[in-house]
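Enquirer: Coordinates only, no sequence provided:
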Ligand code: MD6
Ligand code: FE
C-alpha cells in the first residue's frame, strides 16, 4: 500500500484520470482566492435531499451559465441561484483553460459546481447523471484540505476503492468512467491550503447540454 492508501499496481478504471499535484501552490492560491471571491458575492446555498428535505452537509454554489441544485422537488440545473434568483457568476479563465487542456471535448463547460466541506461534512455515493451530455467528462479540482474519495462501478452495489484527493489534485471522469458511483467519505482537517471557514473546496466542471450541430 502507498501512503495514498491504495495498492500501487492497481490500475484505475478506464476513463478515470487521476492527476495528483496538477496545480502548483501559486495556481492553487490564485484559484481559491478567485473562486471564493465570486462565491461569497453570489452566496452559498444548502441543498436538501429531494423528497425528505434533509439538508446536505456540504454547502454549494455554482459558476457558469447553469448551476446544479437540489431541493425538495428534485435535482436539476438552473440558470439562477435558488436563494437570490440571480444568474451565477462566470467560470474563471484558469478553469476554462484547464478544461481545454484535459477534457478532450470540443466545447466549453457550462457549469462549475463549487462544494465546501467543513470538518464532518461528507457526500454520499452518487452518479452524476443530471446532465444531457454524457460524452463530455466531468473534471474535478480539489483545494484546501485532503479528502477520501470513494469510487466504484456503474452499479451502486459494485465494489468500491478510495483515493486520497489533496489540494491541487485533478480528477477527470470520462468515457466509460463517466457514470461511476463515487462520493466523499470524509475530509482530513488541518491539511493543505487554509480555506477561510476551514475545510475543503471541490470544483467540478461539467458540460450540461448537448451542443447544437453546426
Ligand atoms: C468532491 N466530487 O470531490 C465530489 N463528481 O467533493 C464529485 O462528486 C465528482 O470528483 C464527478 C466527477 C468527479 C468528482
Ligand atoms: Fe459527483
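Expert: Perfect, thanks for sending it. Because the structure is predicted, anything quoted here is derived from the model rather than measured. Ligands and ions are numbered 1, 2, ... in the order given.
Enquirer: Could I get the full set of helices for this protein?
Expert: Ranges of helices in the chain, per DSSP state H, are 25-42, 93-102.
Enquirer: Any chance of JSON lines for the ones you listed, columns mean neighbour count and distance to ligand 1?
Expert: Yep, even glycine has a C-beta here, placed from its N, CA and C like the rest. Output for those, formatted as JSON lines (neighbours: other CB atoms under 10 Å; distance: least, CB to the nearest ligand atom, whole Å):
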{"stretch": "helix 25-42", "mean neighbour count": "16", "distance to ligand 1": "14"}
{"stretch": "helix 93-102", "mean neighbour count": "16", "distance to ligand 1": "12"}
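Enquirer: Dump those into JSON lines; add mean pLDDT as well.
Expert: JSON lines is the format used below for the helices of the chain (pLDDT from 0 to 100):
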{"stretch": "helix 25-42", "mean pLDDT": "97"}
{"stretch": "helix 93-102", "mean pLDDT": "98"}
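Enquirer: now for the ones you listed, which one comes closest to residue 54?
Expert: Of all the helices of the chain, helix 25-42 sits nearest to residue 54, with 23.3 Å by CB to CB.
Enquirer: export the helices of the chain to a markdown table and tack on distance to residue 186?
Expert: As requested, the helices of the chain are exported to a markdown table (distance: least, CB to CB, whole Å):
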| stretch | distance to residue 186 |
| --- | --- |
| helix 25-42 | 21 |
| helix 93-102 | 26 |
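Enquirer: for residue 22, phi and psi?
Expert: With angles defined as degrees, to the nearest 10, residue 22 sits at phi -60, psi -30.
Enquirer: just checking, it touches residue 170?
Expert: Yes. If you go by CB atoms under 8 Å, residue 22 and residue 170 touch, sitting 4.0 Å apart.
Enquirer: Any regions of the chain where pLDDT drops low?
Expert: For the chain, residues meeting the criterion pLDDT under 70 lie at 1-9.
Enquirer: tell me which parts of it are close to ligand 1?
Expert: Taking CB under 6 Å from any ligand atom as the measure of proximity, the chain contacts ligand 1 at 115, 123, 128, 138, 140, 149, 171, 173, 182, 184, 202, 204.
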